[in-house]
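Chemist: Pasted the sequence and its predicted model underneath.
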Amino acid sequence: MAVIAFREALNQAMREEMQRDETVFLMGEEVGAYNGAYKVTKGLLDEFGPKRVLDTPITELGFTGLGVGAAMTGLRPIVEMMTFNFSLLALDEIVNCAAKMLYMSGGQLGVPMVVRGPGGAGHQLAATHSQALESWFCHIPGLKVVTPSTPADAKGLLKSSIRDNNTVIFIESEVLYGLKGEVPEGEYTIPLGVAEIKRPGSDVTLVAHAKMVHVALQAAEELEKEGIDAEVVDPRTLRPLDTETILQSIRKTNRAVIVEEGWPFCGIGAQVVDTIQHQAFDYLDAPILRVTGIDVPMPYSKPLEHLHAPDKARVIDAVHRVTYKN
Amino acid sequence: MAVIAFREALNQAMREEMQRDETVFLMGEEVGAYNGAYKVTKGLLDEFGPKRVLDTPITELGFTGLGVGAAMTGLRPIVEMMTFNFSLLALDEIVNCAAKMLYMSGGQLGVPMVVRGPGGAGHQLAATHSQALESWFCHIPGLKVVTPSTPADAKGLLKSSIRDNNTVIFIESEVLYGLKGEVPEGEYTIPLGVAEIKRPGSDVTLVAHAKMVHVALQAAEELEKEGIDAEVVDPRTLRPLDTETILQSIRKTNRAVIVEEGWPFCGIGAQVVDTIQHQAFDYLDAPILRVTGIDVPMPYSKPLEHLHAPDKARVIDAVHRVTYKN
Amino acid sequence: MKSGNSSRGAVHVPDASVADAQLVEQQERARHRDPQFLKDLLEKMLLIRRFEEKAAEMYTLGKIGGFCHLYIGQEAVSVGAITPLEPQDAILCSYRDHGHALARGMEPGPIMAELFGKKTGCSKGKGGSMHLFDERLGFLGGHAIVGGHIPLAAGVAFSAKYLNQQRVTLCFFGEAAVNIGAFHESLNLAQLWKLPVVYIIENNEFGMGTPILKTSAIRDLSEKAGSYDMARAVVDGMDVLSVYDGLSEAIERARKEDLPTLIEARTYRFVGHSMSDPAHGAYRTREELNEHRQRDPIKRFTSTLETLGIINQEYIDDLDSKIREVVDQSVTFADESPDPAPEDMYTDVYLP
Amino acid sequence: MKSGNSSRGAVHVPDASVADAQLVEQQERARHRDPQFLKDLLEKMLLIRRFEEKAAEMYTLGKIGGFCHLYIGQEAVSVGAITPLEPQDAILCSYRDHGHALARGMEPGPIMAELFGKKTGCSKGKGGSMHLFDERLGFLGGHAIVGGHIPLAAGVAFSAKYLNQQRVTLCFFGEAAVNIGAFHESLNLAQLWKLPVVYIIENNEFGMGTPILKTSAIRDLSEKAGSYDMARAVVDGMDVLSVYDGLSEAIERARKEDLPTLIEARTYRFVGHSMSDPAHGAYRTREELNEHRQRDPIKRFTSTLETLGIINQEYIDDLDSKIREVVDQSVTFADESPDPAPEDMYTDVYLP
Ligand SMILES: Cc1ncc(C[n+]2csc(CCOP(=O)(O)OP(=O)(O)O)c2C)c(N)n1
Ligand SMILES: Cc1ncc(C[n+]2csc(CCOP(=O)(O)OP(=O)(O)O)c2C)c(N)n1
Ligand SMILES: [Mg+2]
Ligand SMILES: [Mg+2]
């Protein structure tokens, strides 16, 4: 298997799907001549030309809506949000048009579109540029939400998302773009809605997505030294959520800690907790704990930014509490 | 106490606060000459004139942002969303500006603004016009979220919201506008963040807000006949949430059903469940169940629309399950 | 009405002389055209009028729910604009969409059934009055969020160009929608990327209860095309032939040159904003309304065709009863159709 | 540069003769003005230049994080625009805000401290480079979402009128921001409601790596004011006096008549979009950049003042070392300042 960066895996996925299917095209700010603000779309303009790789004006609402219209009529747009923070301007087109068109038209008009780009905090980008908005998109029927944590997942899931006949919100972690990992050679896809056990364990279940998977894995390593064997479940797709894989893990470990980068109140972790306590109530030996971003806007200051995000120590502390080790 | 309609209670609250404070002004689509799409702002233009009651063009993003700027510089805007569905267009101004300005400015610039209007389903308004979006707003630090269920609460809470120094998202249920109820004579306010027990009970706790409070109360009446004594807790404010009142109830009843009109996945109910299982785990005799809107866009068809919303029967069924009565 | 200069200032109310002039103008336009073509235009407009009158009736009977926005008074716009289209062309419009659907040739039955929320409706009873769809006819909605479909139309035009389909897209919206950001972003994109789309502002002078003077800093809306270097035109929305001619030009520009056009159609709504809004009172007087009724696009076109000897009273009566018959049948069809089944709630959320 | 006609077509690259002409033009403008006034303009521009050079240095040393957008090349715009303001006036701008903050008279120390994320920063270290604030000076940010502050500025102007404060609001944004919906919605509102706000497009020809030709269907951006019947002007953003004169007029219109203006300032960015973007390579050549450097607003103004005998080399050297001193002190201040305490994370989320 080749070892490539997360960024490159995404690039390969788009390249392969654009080669495979003429109707796939890419648009967004700086995706073409500039090769992408984060270089994820590098070389695509050169290979596919300006007809299929379009630099847009700064009009998130407009070009996302344009993507919806194109998707209603035979194309498969990949719409890049330079960062998902800017998708706040496009939500009407995503929520009222993309997610509902099939339903409102009585099944006549689907919207096979991928909206992708980086989400979450980067390096001191401050309040407006550090938001993890996946929990919002998860709330909306008609959307699918994908949040990969490794280069291999990124490639396989993005290819599936592009082929999916529905609107897929594909959120990448800016800080993972440089992450290297093994990626299978050649053509492959990973089905949406299927979680992966990133680390098997028997004492406690850690549910984490995107960059938090790595925080959970670090914590699991530490915990191993104290003899606590943590299982790390990465849903990979948040909507539809692979509840069965999560529940199986709980039935085995009887304890869970949910880790997410975003704000706690009404975050995806609360939904995971609800699902678990509802469907595995009798298996729980302790309350499910959540480790989340702090419930305040993201500060610019580097030390404060670091305190804002969940880290190994906070995960370990939560595990100690659910295992009554403190 | 006078018996007045929900609509009239809101109107009184705005009228009294505008009389009390020169810096309060109202803007939105049709709020002036037309007296409001739902007549909530009736007579305010006549009493306060065009300087303080402004009909806006259809520019949710623009006039909400204008409200934020005004609130940063000495005014207290009441911004009416003709329906909260249209607030999807204004979210960047609400989430990136209103909710974060105080933080980003290091405490220099607060945004004392109320964004209010009807939310939730009406009478066959279909997918784009029937959304209950409170769970989204609840996710955002910097915002407060209020969802009154009675005329008295509507008046007291709106007055407090207008006086609050932060941005308050005040969501009214369109179908409650005609609801009549007793409202205290004269000047009074209800503090934000304080729940109310709408019906005391000992066997099971029903947590419901806005119009769902009435569904819960109907269910409680039915249940009484079978000897099940349900307590109905109305948080009234969803953010900040009065967790203590909810927990006290759980410690007493050991069972809970959370009712909400919105979609289930990542809904406010999931957060309430998380809070309860985390802080009252040992008091729970059964998994907490949720009764929510169906996880699909709202259909136009009347029979389907009725099936979509939580009703008495579904609440009763859930209570039977948490009390093991079936 | 054609030049915008005179149009700044107070809301335009035509006096009788103007009305006469418009009549003459229309006769000039009608002369030397195929009589059958002219009769078809009249028939389509009348069908819309009668359908909407029936819809109003059904709404008051409680058979139609939700918001129901009627098109009475504006028939000449959709008929004049949509008639020049080819079968492969596409249409998007606002919630005030019954007229456009009928003008495109959608059957009255499935439309009425949709208003009734029935399973046989053109959107299976899931969309309702504001969300009519017929993909086979390129009728891509019926959109209820003001301005929300303006970017979609650019996207539909983008597909057409990308897939080389010679397909033109028409996008209709009201004059109050031009103030919203989506309009600005979309028109810039349409011109920048040379998309075959025609944007039609149906200026009926009010957005709900608000007159255009209170919502737009300029009165001559087609001037906004200047911000995008886009071709523009103003047509008399009460004259089906003025609309037809203006659109034919714009449609050709789109089809031949892949260039967009912004068209303002000056029209007027003879009914309330929706069924829950009275025709006059809050924001316009009965007198104002009645003066505008003199411009009734159907009355005017009827008398033009009579004057030209193309039709006579007998023809009109036959046509009208034939159309009433068709509309009644649509009600029967809707009445006799079943509601969606409970399980239909869960379909059409995701495609496999 | 003042008339927009010539400006459609290819990206404007000035040749030497043009540069000379501009020099002469500026000398004409400078003649008969108070020498001290002219010297102050120069000092402010030079302060911004040196501050930004130092910020670049500190960023590469890792003392500044996040996105850091420098203002080098555009100094004449903020200095020329902000100098005519009164103390009660307000300013909002984009993330490229260091120059505007300094032009408004904010202390370099607290600004540098903010870039360092220190507690003594003008936003307590919570805002960072993109979110500078000083409420006392009417400096209302520093906004990082493109176009997001355009409606805010209308609101600030609304307050001023509502509270009768004789306060004018300036709102700065880049040429790529004119395409976004917030621009369209806000300018219509500002004209419709007659708000005392001046909108200034800083046209530096690129939005990140994208030239204006690829993002706006028209090149002469001030033409967009036509859609709102708004007063407009084009100023030479490389000539501090051209900006000063254009703004003085617009500010007076706002203060005396409560009327908005849209101004396009033609300028150029001599550095990368942000510290993570090279000055040339991807989207412009070194040659193109160097040609534009001939228009350096500080070089030009310096030689104008020299030619007019208002300053000499010695004065320039003294001024420069004085300013470098001030900038160094700002670094010392920032360096020696404490980080915010952990508990500061939780403050300023809600007001009591
Ligand atoms: C974004 C948004 N804001 C508000 C509304 C409520 N609304 C529906 S129609 C309408 C008036 C639109 O007027 P116009 O665009 O002139 O079209 P007309 O109804 O006259 O055909 C308003 C405010 C909406 N549907 N969408
Ligand atoms: C809504 C939004 N979309 C995208 C971005 C990312 N972004 C930041 S600056 C910028 C370019 C803006 O160019 P311009 O308006 O010309 O201002 P300049 O940077 O040239 O001063 C972009 C695309 C953003 N901050 N906000
Ligand atoms: Mg209208
Ligand atoms: Mg620029």
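Modeler: Received the coordinates, thanks. Ligands and ions are numbered 1, 2, ... in the order given.
Chemist: low pLDDT regions in the stretch 201-326 of chain A?
Modeler: A:326 (pLDDT under 70).
Chemist: What is the neighbour count of the residue of the stretch 51-200 of chain A found nearest ligand 1?
Modeler: Nearest to ligand 1 in the stretch 51-200 of chain A, going by Cβ to the nearest ligand atom, is residue A:92, at a distance of 7.4 Å. (Glycine included, C-beta is placed from N, CA and C.) Residue A:92 has 28 neighbouring residues, counting by other Cβ atoms under 10 Å in any protein chain shown.
Chemist: again, but for residue C:289
Modeler: So residue C:289, with other Cβ under 10 Å, has 17 neighbours.
Chemist: Quick one: end-to-end distance for stretch A:106-117.
Modeler: 30 Å (Cα to Cα, to the nearest Å).
Chemist: what about the residue most central in space within chain A, distance to residue A:247?
Modeler: For chain A, the residue nearest the mean C-alpha position is residue A:147 (1.5 Å; Cα atoms, centre = their mean). Using Cβ to Cβ, to the nearest Å, residue A:147 is found at 20 Å from residue A:247.
Chemist: tally of neighbours for residue A:285?
Modeler: For residue A:285, using other Cβ under 10 Å, the count is 11.
Chemist: State whether it is indeed within a strand.
Modeler: No - under DSSP: H, G, I helix; E, B strand; the rest coil, residue A:285 sits outside any strand and is assigned coil.
Chemist: That one and residue A:252, how far apart?
Modeler: 12 Å.
Chemist: same thing with residue A:236?
Modeler: To residue A:252, residue A:236 is 20 Å away according to Cβ to Cβ.
Chemist: on that earlier part again, quick one: the residue nearest to the centre of chain A and residue A:241 touch, right?
Modeler: No - Residue A:147 is not in contact with residue A:241 according to Cβ atoms under 8 Å; the separation is 11.2 Å.
Chemist: and residue 258, what are its phi and psi?
Modeler: No chain was given, so I picked chain A. In terms of degrees, to the nearest 10, the main-chain angles of residue A:258 are phi -110, psi 130.
Chemist: beta partners of it?
Modeler: residue A:207, residue A:290 (DSSP bridges).
Chemist: what's it in contact with, if anything?
Modeler: A:206, A:207, A:208, A:269, A:272, A:273, A:288, A:289, A:290, A:291 (Cβ atoms under 8 Å, 6 or more residues apart in numbering or on different chains).
Chemist: any idea how far residue A:235 is from ligand 2?
Modeler: 29 Å (Cβ to the nearest ligand atom, to the nearest Å).
Chemist: OK, contacts around the residue nearest to that residue when sequence neighbours are not counted?
Modeler: Once flanking residues are discounted, residue A:235 sits nearest to residue A:195: 4.6 Å by Cβ to Cβ, 6 or more residues apart in numbering or on different chains. For residue A:195, the contact set (Cβ under 8 Å, 6+ apart) comprises A:233, A:234, A:235, A:236, A:237, A:241, A:242, A:245, A:246.
Chemist: Next, count neighbours for the last one.
Modeler: Just to be clear, that refers to residue A:246. When neighbours are counted by other Cβ under 10 Å, residue A:246 comes out with 22.
Chemist: Check the most centrally placed residue in chain C and give its pLDDT.
Modeler: Centre of chain C computed as the mean C-alpha position; nearest residue by Cα atoms, centre = their mean is residue C:78, 3.6 Å away. Looking at residue C:78, its pLDDT stands at 98.
Chemist: what do you get for residue C:22?
Modeler: 86.
Chemist: what's the spacing between it and residue C:241?
Modeler: Counting by Cβ to Cβ, the gap from residue C:22 to residue C:241 is 11 Å.
Chemist: same question, residue C:327
Modeler: 25 Å.
Chemist: and if you look at residue C:350?
Modeler: With the distance defined as Cβ to Cβ, residue C:350 ends up 46 Å from residue C:241.
Chemist: Could you pull out the strands in the chain for me?
Modeler: The chain I'm using is chain A. A:2-5, A:24-28, A:53-55, A:76-80, A:114-119, A:143-146, A:167-173, A:180-183, A:196-199, A:204-208, A:230-234, A:237-239, A:256-259, A:289-291 (DSSP state E).
Chemist: should've been chain C
Modeler: Under DSSP E, chain C gives strands at C:90-94, C:139-143, C:169-174, C:197-203, C:206-207, C:210-211, C:231-236, C:261-266.
Chemist: Same list, the ones you listed, but as JSON lines with mean pLDDT please.
Modeler: Formatted as JSON lines, these follow (pLDDT from 0 to 100):
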{"stretch": "strand C:90-94", "mean pLDDT": "98"}
{"stretch": "strand C:139-143", "mean pLDDT": "98"}
{"stretch": "strand C:169-174", "mean pLDDT": "98"}
{"stretch": "strand C:197-203", "mean pLDDT": "98"}
{"stretch": "strand C:206-207", "mean pLDDT": "97"}
{"stretch": "strand C:210-211", "mean pLDDT": "96"}
{"stretch": "strand C:231-236", "mean pLDDT": "98"}
{"stretch": "strand C:261-266", "mean pLDDT": "98"}
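Chemist: quick one, longest helix in chain C?
Modeler: helix C:35-60 (DSSP state H).
Chemist: Quick one: mean pLDDT for that one?
Modeler: pLDDT averaged over helix C:35-60 gives 98.
Chemist: Minimum distance to ligand 4, which residue of the stretch 51-200 of chain C gives it?
Modeler: residue C:188 (15.8 Å; Cβ to the ion).
Chemist: Appreciated, that's everything.
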